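K.L.:
predicted model, plus sequence, below.
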Amino acid sequence: MKTKLVIILLLTNFSIPLFSQDFETFINHGIAKADKADYKGALVEFQHALNLNPKSAIAYNNMGNCLLEMKDLNGSITFYNKAILYNPKFAKAYYNRGKAKNELKKYDSALLDLNKSLSIDPSYFAAYFIRGNIRYSLQDIDGSITDYTTAIKMNPKYAEAYFNRGGARLTKGDEKGGCADFKYSLKLGYKDAQELIDKFCKE
């Protein structure tokens, strides 16, 4: 049913009057609604933006983000594909599509998207984090540690990256390194780390 909704959104030409609102206004309204978790309302705003600019990669990417949050993963990929079609150098669209594919456990394809995202924007630290997760799922533990470390170097307060690197280090048998990462993650406010500290980090 959700996939059908995606197709309808792509094809429907809303008849609501546009008044004096312009493209950026609709985009901003959509972002504001998405920030409040009103994803259906945000989709309508982004569709209005597309009515004014049918080749807007930004609008398609934002619609994909809404569907990703709504857990319509295949639907989100449909919109990310459109975003990439109209802007083949849109690093965030490749990143987002890779996230969706990762959640679908399409790891090899997701890895290609994250590699592409980073080839366009090597400073995108969140992409290193997601690629680290993908590499971990592919049993490339050393590769995942490298990516988490890169993400941490770019964002030293990235608590979840410390947490995930700790898990990867523990998988390799590096209990000391893993526990150090868990403890620093907890210090930065990542509360999930406490359970693993209690379980694995006996002093």
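P.N.:
Structure's in. What do you need? Residues are numbered from 1 along each chain as shown.
K.L.:
residues in contact with the helix or strand hosting Ile77?
P.N.:
Element membership for Ile77, per DSSP states H and E: helix 73-86. Helix 73-86 has contacts (C-beta atoms under 8 Å, 6 or more residues apart in numbering) with 2-3, 5-6, 10, 55-58, 60-61, 63-68, 90, 93-94, 96-97, 100-101, 103-104. All C-beta spots, glycine's among them, are computed from the backbone N, C-alpha and C.
K.L.:
C-alpha coordinates for that helix, PDB please?
P.N.:
Output of helix 73-86 as PDB, limited to C-alpha atoms (Å, rounded to 0.1, in the frame of the first residue of the first chain):
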ATOM      1  CA  LEU A  73      12.400   1.700   2.900                       C
ATOM      2  CA  ASN A  74      11.600   0.800  -0.700                       C
ATOM      3  CA  GLY A  75       9.600   3.900  -1.100                       C
ATOM      4  CA  SER A  76      12.400   6.000   0.200                       C
ATOM      5  CA  ILE A  77      14.800   4.400  -2.300                       C
ATOM      6  CA  THR A  78      12.400   5.400  -5.100                       C
ATOM      7  CA  PHE A  79      12.800   9.000  -4.200                       C
ATOM      8  CA  TYR A  80      16.600   8.800  -3.600                       C
ATOM      9  CA  ASN A  81      16.900   7.300  -7.100                       C
ATOM     10  CA  LYS A  82      15.100  10.400  -8.500                       C
ATOM     11  CA  ALA A  83      17.300  12.800  -6.500                       C
ATOM     12  CA  ILE A  84      20.400  11.100  -7.900                       C
ATOM     13  CA  LEU A  85      19.000  11.100 -11.400                       C
ATOM     14  CA  TYR A  86      18.600  14.900 -11.300                       C
END
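K.L.:
any idea which helix or strand of this structure has the worst average confidence?
P.N.:
Least confident helix or strand, the chain: helix 2-11 with a mean of 47, by mean pLDDT, DSSP states H and E.
K.L.:
which helix or strand lies directly C-terminal to it?
P.N.:
Sequence order places helix 23-35 as the next helix or strand after helix 2-11, per DSSP H and E.
K.L.:
give me the element Ser123 is part of.
P.N.:
Using DSSP H and E, Ser123 sits in no helix or strand.
K.L.:
what about the closest residue in space to it that isn't next to it in sequence, how many residues close to it?
P.N.:
Closest residue to Ser123 apart from its sequence neighbours, by C-beta to C-beta, 6 or more residues apart in numbering: Met154 at 7.0 Å. If you count neighbours by other C-beta atoms under 10 Å, Met154 ends up with 16.
K.L.:
over to Gly189?
P.N.:
The number of residues packed near Gly189 is 9, by other C-beta under 10 Å.
K.L.:
separation between it and Ala159?
P.N.:
From Gly189 across to Ala159, the span is 6 Å (C-beta to C-beta, to the nearest Å).
K.L.:
my guess is Ser185 contacts Tyr158. True?
P.N.:
No. Assessed by C-beta atoms under 8 Å, Ser185 is found out of contact with Tyr158, at 9.1 Å.
K.L.:
settle it for me: which of these two has more neighbours?
P.N.:
More neighbours surround Ser185 than the other of Ser185 and Tyr158, with 26 against 22 (other C-beta under 10 Å).
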